[in-house]
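> give me coordinates for this.
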Amino acid sequence: HEIMYLYILATRVEAAVYFIFYIIFMTLIISNIFVGLFLSEIEQLESEQTQDRLLTQYREQHSNWNEAAEQRKKTLINKIVSFKNSIEDAEKQIQLINHLMGKRRKLLKGRSKSTGNTRGYKRF
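Model prediction:
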């Protein structure tokens, strides 16, 4: 500042105005650089927070996915067991029907031999 005061005393008022504008202009440039750096750091921190948030969501979804996959696997295994039981029941019913059909054939053959009817119907 001493140089400015000496220059103002040695010259006219225009030099004082020049120095005032110079100081204001340089202050604005320096403050603009400071604000730019500050905003750049804030943007970088927000970017890191976003990445952390995405990573956390991915981890939560991944662990939830594993749980969902295990649950689905158990459900499918239960369905397979149920289908196997249904198949066994159906096979038993088929065997019973075959057995009953065999008895009916024998019964019809016995009747047809005694009456001479080959179709198993009663004659009137």
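> now do the helices in the chain.
Remark: helices assigned in the chain by DSSP state H are 2-10, 13-115.
> make a markdown table from the ones you listed and add mean neighbour count to it.
The way it works is simple: take the backbone N, C-alpha and C, and place the C-beta from them, glycine included. Formatted as a markdown table, these follow (neighbours: other Cβ atoms under 10 Å):
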| stretch | mean neighbour count |
| --- | --- |
| helix 2-10 | 11 |
| helix 13-115 | 10 |
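> by mean pLDDT, show me the worst of these.
Averaged per stretch, pLDDT over the helices of the chain is lowest on helix 2-10, reaching a mean of 71.
> roughly how far apart are the residue nearest the centre of the chain and residue 50?
Residue closest to the mean C-alpha point of the chain, counted by Cα atoms, centre = their mean, is residue 61 at 5.8 Å. In this view, residue 61 and residue 50 are 16 Å apart by Cβ to Cβ, to the nearest Å.
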